[in-house]
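> Need coordinates for the following:
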Amino acid sequence: MSDPDISLPEGWEKRVSRKTGQAYYINTLTKESQWETPTEPAEEAAGGQVRCSHLLVKHQDSRRPSSWREDNITRTKDEALELVKGYRETITSGDEKFEDLASKFSDCSSAKRGGDLGLFKRGAMQKPFEDASFGLEVGQLSEPVFTDSGVHIILRTA
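Numbering: from 1, shown residues only. Sure, this is the predicted structure:
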């Protein structure tokens, strides 16, 4: 059993499982969790993983043309692209933060997390999304990326 008064290394938070009542620990940099009490400071993502946020705009030809925002998406692929370009310009001009636009306008359920997808390895995402994500530097925003899901802009965060 771990001591509730133990001082955790930098970058870790202690949480309690709602299901089991057992303590677990969150790496605040990567959002990965573990049951064991950490003994070293949290580290950034490593081992071929990236962390990204995205803003997805679906269109009528998306593999599932519905979202939490709209039951039946009827916009064209070109209209989706124009929306994404507009969001990208708003972000790069500094008028709005990525997380805020993703929360309001992304057609992905990750919108509730500001677009955050967490850590992922190669093979976890559709190939064009994966290639774009792994090709970005931390803090870099992609150009529009097309997948079967729709049109994305991707922000690499780790």
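> Any regions of the chain where pLDDT drops low?
Scanning the chain for pLDDT under 70 picks out the ranges 1-6, 44-47.
> all strands for it, in order.
Assigned by DSSP state E, the chain shows strands spanning 12-16, 23-27, 33-34, 49-57, 116-121, 145-147, 150-156.
> what comes up buried for the first one?
Pointing back at strand 12-16 there. Neighbour counts over strand 12-16 (16 or more other CB atoms under 10 Å) mark Trp12 as buried. All C-beta spots, glycine's among them, are computed from the backbone N, C-alpha and C.
> Does anything pack onto the lengthiest helix in the chain? Which helices or strands?
When the chain is scanned for its longest helix (criterion: DSSP state H), the result is helix 77-92. Packing partners of helix 77-92 (3 or more CB pairs under 8 Å, 6 or more residues apart in numbering; DSSP states H and E): strand 49-57, helix 98-105, strand 150-156.
> give me that answer again for 10 Å
For helix 77-92, the packing partners by 3 or more CB pairs under 10 Å, 6 or more residues apart in numbering; DSSP states H and E come out as strand 49-57, helix 98-105, strand 145-147, strand 150-156.
> How far away from the center of its chain is that helix?
18 Å (CA atoms, centre = their mean, to the nearest Å).
> angle of that helix against helix 98-105?
Computed with axes from the mean of the first three to the mean of the last three CA atoms, to 10 degrees, the direction of helix 77-92 lies at 150 degrees from that of helix 98-105.
> what does helix 77-92 rub up against?
55-62, 73, 75-76, 95-102, 104-107, 141-146, 150-153, 155 (CB atoms under 10 Å, 6 or more residues apart in numbering).
> PyMOL command to pick out the buried ones of these?
In PyMOL, this line selects whichever of these come out buried by 16+ other CB under 10 Å:
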select buried, resi 55+56+57+58+59+62+73+75+98+99+101+102+105+106+107+142+144+145+146+150+151+152+153+155
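> so which of the helices and strands packed on helix 77-92 gets nearest Gln126?
Ranking the helices and strands packed on helix 77-92 by their distance to Gln126 (criterion: CB to CB) puts strand 145-147 first, at 4.3 Å.
> Let me see the residues that make contact with the closest one.
54, 56, 59, 62-63, 77, 80-81, 84, 125-133, 151-154.
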